[in-house]
Each structure stands twice: as structure tokens, then as C-alpha cells.
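**Q** pasting the sequence and the predicted coordinates here, then a few questions.
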Amino acid sequence: MNPLRQLTLDQLRQRTSMKWRYYPEDVLPVWVAEMDVHLAEPVARAITEAVGRGDTGYPAGTAYAEALAEFAKKRWDWAPAVERTAIVPDVMLGVVEMFRLVSHRDAPVVVNCPVYPPFYQFIESLGRTVVEAPLGESFRIDFEALESAFVKAGKGAVHLLCNPHNPTGTVHTEAELTAVRDLARRHGIRVVADEIHAPVTTAKFVPYLSVADDGLSLMSASKAWNLAGLKAALAVAGPDAADDLARLPEEVSHGPSHVGVLAHTAAFNHAGDWLDALLDALDENRRLLRDLLAEQLPAVRYRPAPGTYLAWLDCRELGLGDRPAKTFLDHGRVAVNCGTTFGTGGNGFVRLNLATSPEIITEAVRRMAASLRIRTETSCEPA
């Protein structure tokens, strides 16, 4: 059963999360990374059973790490060592803790832009400098740009790697990740990988730690099973980074939600079939979006990508300036993410969330196309 065809727009508007309450009701939201799905049944059962027995205390044990290890072995032929994992509140807070473990307090951080906006927000809130290494034209890592960024950042800096890449959906290959590892070692850079979208790939996913013994990774079931509101993630260390992770303050483990840990564990252990159905549904939506854009907005360039459930749309030929998302919102009442917030390379782009029904995607594209006509008509009105 297609998980993305089970909820109507009226049902979705009853939700109280950010996606559905940030904008007025006349706006169709296809922006923030929340999926329009029911929870997978094993996950919902784990939550309700925990609540039923009053099991809402502090997290404990290694069941979450064991579940991830088993899932990773089946899906990626790689299993993180349970003894080299630690629970953290969520992926981005875990990233911050990894920075503190492997670098001095003002060490610069290299990112491959355009990239997930909270990378900039969290780095800057720590008082650190962002050094950008823009992706190439095909949205793959540009190694000349990356080396230049490493030289600029200097020895002792950190590279925050997004794998798979948000917003482009690029899934880095083993050869690319190996090249990142070698380049980082040559320049004295530590690599921390945000791999939260790892389960949401139709291409082969390669964990960074499968090629880099000195790496640190953050993983979670959050994106793949729509568990953003149930905070829990895992920090994973390669063999040569085990001593780094061992210095993680014990109090960090108090931050995750115990119910969240139970939900994420159930997702990895028991909701693989649901995930497979989701991946099939996302492929259908990618094809639908491609066809709708070709028909209604042919100037928008879109490359369906095998990672994440996000579409990165090049709207530069529409003549809407750096922030086409504003036109789509103001004149079409459809909310997409503005590309400018993703750093260099984001001007003129928008990010659209594909994890919704075909009907909502169809309506979103219709509104985007209509916004161009309305904008033109409005600009031609007499003063």
C-alpha cells in the first residue's frame, strides 16, 4: 500500500506541526521535511504500548544501536559496532557535540553548498566560521573546490558532510567518499557526516564510516519514518575515532526522548516493508513532478535524484530573481523552501517536498504555474 496516498488534504490540515501551522490555511505547504503519512504500524504500536505502560522515563540500553546495526547490515552490507555508538538528542545537536570532540572551539567548518540551512545556523551559533566548497554543475562534489576550502579552513578544521545530500538528493559514491577521506587526511581535517537521509535512497548508499575509520557519523530513523517530533539519534564512530566518542559527556545521553528511542528502534527493526513501499511511492512522485513541470513550467529544470524525498528545482529561467519562492507564495499560495537559505548556489532555486500525495504535488505545480500568470497580470495593472 502506498503510504503517500492514505491522507486527504482535509486530514492533513488537522495537524499542528510546523509544516501545517506555519502558513495560513490558504497556503499549500510543500516545504519543510515532514512527510504526509500515517506512522508505520510497528512504530505506532511501539509508541502506544510505551504510553500504555507509562514507560516514559529516561532512555537506556543499546537496543537502538543494535537495531541500526542490523538494518545497516541488511541494507548497506555494513554494520556499525554497537560499542562505538552513543545516543544523542537529534542529528544536528549530535553534530555540534562531535565538533566539540574533534576540534577547538573556533575551528572553521567546511560545507558543500548549497546545503541544508541549519548547517549554517548551528555553525554560526557556535561562533564558528563556515567555509563553503560549492558542488559542481551536476550537484556532485567538486574536489578542486573542496581542496581550496580545506586549505582556507586550515589544519584542525572540520568538514560537515551531507550524505545523501540535502537539497540536491545526490548520493555520494564509494569513490567520492574515499576521495573526501584522503583529501581530509592530507589537510588535517576531521570529517563529521550527517547521514540522516541514508535509508531514503534508491541508489546504493555508502556509509562514510565504511571507507573512513577516523570518521564520525550521525544517523537516525527520523527522516525515513517521519519521526522528527520524537527526538533520538545515534552518533557512530569509526575504529580510529572511538576515543573521541568516548569523551562525549554522559549528560548528552539524557537529551533524547525515551519514547523516541523506542520508536526509532521499532522503525529499524520492524518497518522495512513500509520503507520499501515509501521508496516506490517517492519514485512515482519524482516521475509525476518531472512530467508536470515539463507540461506546465518547462523553463524549470529538475533532475530527479535517488536520495532524500526533496526536489531541487532550478527556476532561474523564470525571471523571478533570486527568490522565486516568494512569487510562488505571494501569487500562488504554495510554500516551498527558498534556495537562498541553502548558501552559495541556491539563488534562483527552490526545494519542494515530494513526500506527499500525487494530488498535492499536482496542485502545487498548478499553483506555481498560475503564480506566474497572476504576477504578470498584476504587474500590468494601471497605477
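**A** Perfect, thanks for sending it.
**Q** and the helix or strand harbouring His264, what does it pack onto?
**A** Counting by DSSP states H and E, the element that carries His264 is helix 258-270. Packing partners of helix 258-270 (3 or more CB pairs under 8 Å, 6 or more residues apart in numbering; DSSP states H and E): helix 41-52, helix 63-76, helix 222-225. For glycine as for every other residue, the C-beta is placed from the backbone atoms N, C-alpha and C.
**Q** now that helix: average pLDDT?
**A** Mean per-residue pLDDT for helix 258-270: 98.
**Q** repeat for stretch 40-54
**A** Rounded mean pLDDT across stretch 40-54 is 98.
**Q** now render the helices and strands packed on helix 258-270 as JSON lines, adding mean neighbour count and distance to Asn269.
**A** As requested, the helices and strands packed on helix 258-270 are exported to JSON lines (neighbours: other CB atoms under 10 Å; distance: least, CB to CB, whole Å):
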{"stretch": "helix 41-52", "mean neighbour count": "16", "distance to Asn269": "8"}
{"stretch": "helix 63-76", "mean neighbour count": "19", "distance to Asn269": "5"}
{"stretch": "helix 222-225", "mean neighbour count": "25", "distance to Asn269": "11"}
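**Q** quick one, what contacts Arg316?
**A** Asn347, Gly348, Phe349 (CB atoms under 8 Å, 6 or more residues apart in numbering).
**Q** most neighbours, which of these?
**A** In terms of neighbours by other CB atoms under 10 Å, the contacts of Arg316 top out with Phe349 at 26 neighbours.
**Q** quick one on the thing from earlier: neighbouring contacts of the helix holding His264?
**A** By CB under 8 Å, 6+ apart, helix 258-270 touches 40, 42-43, 45-47, 50-51, 55-60, 63-64, 67-68, 70-71, 87, 220-222, 224-225, 227, 230-233, 275.
**Q** swap in stretch 110-123?
**A** Under CB under 8 Å, 6+ apart, the answer for stretch 110-123 is 92, 95-96, 109, 129-135, 141, 146, 149-150, 153, 157-162, 165-168, 189, 194, 312, 337, 339, 341-346, 349.
**Q** send me it as CSV with only the CA atoms.
**A** Written as CSV, here are the backbone C-alpha positions of stretch 110-123 (Å, rounded to 0.1, in the frame of the first residue of the first chain):
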residue,chain,number,x,y,z
VAL,A,110,33.6,23.3,5.6
VAL,A,111,30.3,22.5,3.9
ASN,A,112,29.3,21.5,0.4
CYS,A,113,26.8,24.2,-0.7
PRO,A,114,24.0,24.5,-1.5
VAL,A,115,23.2,22.6,1.7
TYR,A,116,20.7,22.1,4.5
PRO,A,117,20.2,25.6,6.0
PRO,A,118,20.6,24.5,9.7
PHE,A,119,24.3,23.7,8.9
TYR,A,120,24.8,27.4,8.7
GLN,A,121,22.6,28.2,11.6
PHE,A,122,24.2,25.7,14.0
ILE,A,123,27.8,26.5,12.9
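**Q** buried stuff in it?
**A** Val110, Val111, Asn112, Cys113, Pro114, Val115, Tyr116, Pro117, Phe119, Tyr120, Phe122, Ile123 (16 or more other CB atoms under 10 Å).
**Q** how about stretch 172-182?
**A** His172, Glu176, Leu177, Thr178, Ala179, Val180, Arg181.
**Q** then it to CSV, C-alphas only?
**A** C-alpha atoms of stretch 172-182 as CSV (Å, rounded to 0.1, in the frame of the first residue of the first chain):
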residue,chain,number,x,y,z
HIS,A,172,27.8,10.1,-2.9
THR,A,173,29.7,7.1,-4.3
GLU,A,174,32.3,5.0,-2.6
ALA,A,175,35.0,6.5,-4.9
GLU,A,176,33.8,10.1,-4.0
LEU,A,177,33.8,9.3,-0.2
THR,A,178,37.2,7.7,-0.4
ALA,A,179,38.5,10.9,-2.1
VAL,A,180,36.9,13.0,0.6
ARG,A,181,38.7,10.9,3.2
ASP,A,182,42.1,11.1,1.5
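**Q** what's near enough to touch Ser222?
**A** So Ser222 contacts Asp90, Val91, Ile196, Ala228, Leu230, Ala232, Ala233, His264 (CB under 8 Å, 6+ apart).
**Q** so the third one touches Trp225, yeah?
**A** No. Counting by CB atoms under 8 Å, no contact exists between Ile196 and Trp225, whose distance comes to 11.4 Å.
**Q** okay, and the common contacts of these two?
**A** Common neighbours of Ile196 and Trp225 (CB under 8 Å, 6+ apart) do not exist.
**Q** I'd guessed Pro306 sits against His172; true?
**A** No. With contact defined as CB under 8 Å, Pro306 does not count as touching His172 (11.1 Å).
**Q** need the overlap of contacts for those two.
**A** Pro164.
**Q** off-centre distance for stretch 238-253?
**A** 24 Å (CA atoms, centre = their mean, to the nearest Å).
**Q** try stretch 274-281
**A** Distance, centroid of stretch 274-281 to centroid of chain: 17 Å (CA atoms, centre = their mean).
**Q** buried ones in it?
**A** For stretch 274-281, using 16+ other CB under 10 Å, the buried residues are Trp274, Leu275, Leu278, Leu279, Ala281.
**Q** ditto for stretch 244-254
**A** Per 16+ other CB under 10 Å, stretch 244-254 contains these buried residues: Asp244, Leu245, Leu248, Val252.
**Q** hmm, who's touching it?
**A** 58-59, 84-89, 97-98, 101-102, 216, 235, 237.
**Q** what about that stretch, start to end distance?
**A** 19 Å (CA to CA, to the nearest Å).
**Q** mind listing what the nearest residue to Ala370 once chain neighbours are set aside touches?
**A** Computed as CB to CB, 6 or more residues apart in numbering, the closest residue to Ala370 that is not its neighbour in sequence is Gly332, at 5.5 Å. Gly332 makes contacts with Arg367, Met368, Ala369, Ala370, Ser371, Ile374, as judged by CB under 8 Å, 6+ apart.
**Q** go again with 10 Å.
**A** The contact partners of Gly332, by CB atoms under 10 Å, 6 or more residues apart in numbering, come to 27-28, 364-375.
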